[in-house]
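Trainee: Structure of the sequence below:
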Amino acid sequence: MKKQFRTTIRHHVFKMIYQFEIMDDDFAKIPEIYWLSENVKNKNIISQANEMFLNIAKNKDFLDNLYKNKLKDGWTFDRLGTIEKCILRAALHELLNTGTPIYVINNDYGELAKEYADEKIASFVRGIVASVEQEIGDRQR
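Mentor: Have a look, this model is predicted:
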């Protein structure tokens, strides 16, 4: 049950980040607007998703900078799609701020990428997350 709960939160957080990205509105307004169109009654899901979204939105530039230098030759931040950016922000936020194992992060966010984009994007997301995780590990040694 806990796995499904966390996966559900990740889906909602991704969709809020995406909404924030395309609306270019004040991030503090997004949760209220977002939940109007969702049929979610579980207050824990709503609360945890809101908290995670707000932390990601506040740290958007920091999170983006974490993976900008991980892009392969020929790729720039501007070439990345909105879906990739949103998934990477959420995955990297979780990597840095929770004790969630990387395989769980890569599995769930890879599945999100497959659902909203395709397998190539899922592999791309997993590779970037693993690269950032390795860099963080190297810094801590």
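
Trainee: What about Phe62, how many residues nearby?
Mentor: Other residues within reach of Phe62, judged by other Cβ atoms under 10 Å, total 13. Bear in mind the C-beta positions are built from the backbone N, C-alpha and C, glycine included.

Trainee: Equivalent analysis for the one 3 residues further on, please.
Mentor: Using other Cβ under 10 Å, Asn65 is surrounded by 11 other residues.

Trainee: Could you do Phe5 as well?
Mentor: By other Cβ under 10 Å, 13 other residues sit near Phe5.

Trainee: now do Gln19
Mentor: Residues near Gln19, counting by other Cβ under 10 Å, number 18.

Trainee: May I ask which helix or strand of this structure has the lowest mean pLDDT?
Mentor: Lowest by mean pLDDT, DSSP states H and E among the helices and strands of the chain is helix 119-140, with a mean of 88.

Trainee: For that one, buried residues please.
Mentor: Neighbour counts over helix 119-140 (16 or more other Cβ atoms under 10 Å) mark Ile121, Ala122, Phe124, Val125, Arg126, Ile128, Val129, Ala130, Val132, Glu133 as buried.

Trainee: check contacts around Asp61.
Mentor: For Asp61, the contact set (Cβ atoms under 8 Å, 6 or more residues apart in numbering) is empty.
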